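1. Provided below are the primary sequence and the corresponding predicted coordinates.
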Amino acid sequence: MAFKTLDDMDLDGRVVLTRVDVNVPVEDGRVTDTTRIDRVAPTIRDLRDAGAKVVLLAHFGRPKGKVVPEMSLRQIVPALAEAFGTEVGFADGGYGDAVSKMSEGDVLLFENLRFNPGEEANDEGFAKRLASVGDVYCNDAFSAAHRAHASTEALARLLPACAGRSMQAELEALEAALGSPKPPVAALVGGAKVSTKLELLSNLVTRVQHLIIGGGMANTFLAAQGLDVKRSLCEHDLADTARDIAAKAEAEGCTILLPRDVVVAEAFEANAPSRVVKVEDVPDGHMILDTGPDSVAHIRTVLDGCATLVWNGPLGAFEIPPFDAGTVDAARYAAELTQAGKLVSVAGGGDTVSALNRAGVADDFTYISTAGGAFLEWLEGKTLPGVAALEG
């Protein structure tokens with residue numbers, strides 16, 4: 001994966017059109033979570049230090065090509081200014097005039113690009129309009145890289161292009177996880193349904209040595225082996241698909257790890273009476289809600305022999321105690337190995353980030369991706385337009 005970074009570009013005095021993802025939650029006109037803004041701050045700092053004029057390109061919500069006042073990016077300007085430590089200008093039109101007034105080190109935010117139908121249509125004309133006011137293009141929005149939009153794909157072909165610091169970190173982490181990882185590699189995939197991750201599973205069995213399956217997905221694989229999972233969440237109609245994936249894994253030399261024991265309960269509610277049983281002994285009227293301790297011990301043993309781990313999805317119903325125990329235990333052990341320098345661990349996906357935060361180890365993994373769809377599509381082996389546009 002070859003791409004240029006800020007270090008490869010002449011930035012002094014240049015207008016750098018910088019694609020960022022600041023699609024953040026807002027309540028009563030105030031940003032309630034600045035995680036995405038904080039992630040692009042290093043890029044803005046480095047651009048300003050290099051003497052660039054920084055123009056921020058971003059979207060907010062889904063206005064579908066129309067001006068929707070409540071989706072204006074103007075409302076996040078104060079949060080940007082605080083995170084970047086500098087005044088942030090705003091332009092809701094007249095791109096050329098606004099940019100002509102900038103000095104080196106200035107930061108200017110353009111209005112929500114999705115107000116223009118040309119953005120999501122990847123319209124060359126709209127991209128050229130943007131390019132006409134810039135000298136360099138910088139993409140620091142990996143989370144939007146799976147979209148072929150004017151500001152992520154077409155624009156990158158019209159100006160000298162590079163990756164920002166957040167995009168650079170993401171691509172380097174993904175390369176280390178699956179591009180050219182240090183083997184053996186394990187992938188831990190959880191979540192509710194196999195149907196949402198068919199392409200992911202099919203790709204991973206060709207790329208990793210161990211595939212650990214948890215959550216409701218595991219129930220489908222267990223049922224495909226002839227086990228009775230009783231009232232558990234299960235896609236019985238995908239039994240053949242599960243068997244096909246298992247056969248493909250065997251042909252590729254990939255070991256699939258399914259639960260050996262599970263935590264079951266009669267009710268899916270916090271602190272419901274529960275017990276641990278073997279997977280072949282799920283009682284009538286019960287449902288599987290977490291991976292059991294023997295299964296987690298098995299996962300630990302596998303991780304002991306691995307050099308790389310890719311994690312996407314929880315092992316159980318982690319949102320409700322005590323059914324978070326399996327996920328928390330496995331996550332803490334992976335973090336322990338990472339901190340000891342024995343494991344490169346890369347994780348991503350909304351539920352995954354929440355689960356690792358719940359375990360208190362999000363900062364202890366090698367890299368945590370906040371990109372949902374883009375991270376998943378990359379794991380599925382798909383080409384991301386916004387990344388492909390930077391290569392060369």
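-> Cool, got the structure.

2. contacts and neighbour counts: CA atoms only from here.
-> Noted.

3. tell me how many other residues crowd A340.
-> 9 (other Cα atoms under 10 Å).

4. which residues touch it?
-> For A340, the contact set (Cα atoms under 8 Å, 6 or more residues apart in numbering) is empty.

5. and for R165?
-> T5, L6, V40, P42, T43, D140.

6. who does the first one bridge with?
-> With DSSP bridges as the criterion, T5 is bridged to A163.

7. correct me, but it touches G164?
-> Yes: using Cα atoms under 8 Å, T5 is in contact with G164, at 6.3 Å.

8. of these two, who's got more company?
-> G164 (28 against 17).

9. residues touching the closest residue to V99 other than its chain neighbours, list them.
-> Closest residue to V99 apart from its sequence neighbours, by Cα to Cα, 6 or more residues apart in numbering: V133 at 6.9 Å. Contacts for V133 (Cα under 8 Å, 6+ apart) come out as V15, Y95, G96, V99.

10. do you know how far A355 is from G313?
-> According to Cα to Cα, to the nearest Å, A355 and G313 sit 8 Å apart.

11. kindly apply the preceding question to V189 instead.
-> Taking Cα to Cα, one finds V189 at 5 Å from G313.

12. again, but for D92
-> From D92 to G313 the distance is 39 Å (Cα to Cα).

13. same drill for these two, tell me which one is more crowded.
-> Neighbour comparison, D92 and G313: the larger count goes to G313, with 25 against 14 (by other Cα under 10 Å).

14. what sits against the closest residue in space to the more buried one that isn't next to it in sequence?
-> Spatial nearest neighbour of G313, excluding adjacent residues (Cα to Cα, 6+ apart): G190 at 4.0 Å. If a contact means Cα under 8 Å, 6+ apart, then G190 has I213, G214, G215, G216, M217, A218, N312, G313, P314, L315, G316 as its contacts.

15. can you pick the most crowded of those residues?
-> Neighbour max across the contacts of G190 (other Cα under 10 Å) = L315, 34 neighbours.

16. my guess is that one meets A331, correct?
-> No: applying Cα under 8 Å as the test, L315 and A331 come out as separate, 9.8 Å apart.

17. only the buried subset of the contacts of V133, as a PyMOL command please.
-> Here is the PyMOL selection string for the buried members of the contacts of V133, based on 16 or more other Cα atoms under 10 Å:
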select buried, resi 15+95+99
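
18. and of the contacts of V133, the nearest to N203?
-> Using Cα to Cα, V15 comes nearest to N203 of the contacts of V133, at 40.2 Å.

19. mind checking the end-to-end distance for stretch 79-94?
-> For stretch 79-94, the end-to-end distance is 23 Å (Cα to Cα).

20. hmm, who's touching that stretch?
-> 31, 34, 37-38, 41, 44-45, 74, 77-78, 98, 106-111.

21. one more time with 6 Å
-> A41, V107, L108, L109, F110, E111 (Cα atoms under 6 Å, 6 or more residues apart in numbering).

22. same deal with stretch 367-379?
-> S143, H146, V346, A347, G348, G349, G350.

23. quick check: the two most widely separated of those residues?
-> Longest span within the contacts of stretch 367-379, Cα to Cα: H146 and V346, 18.8 Å.
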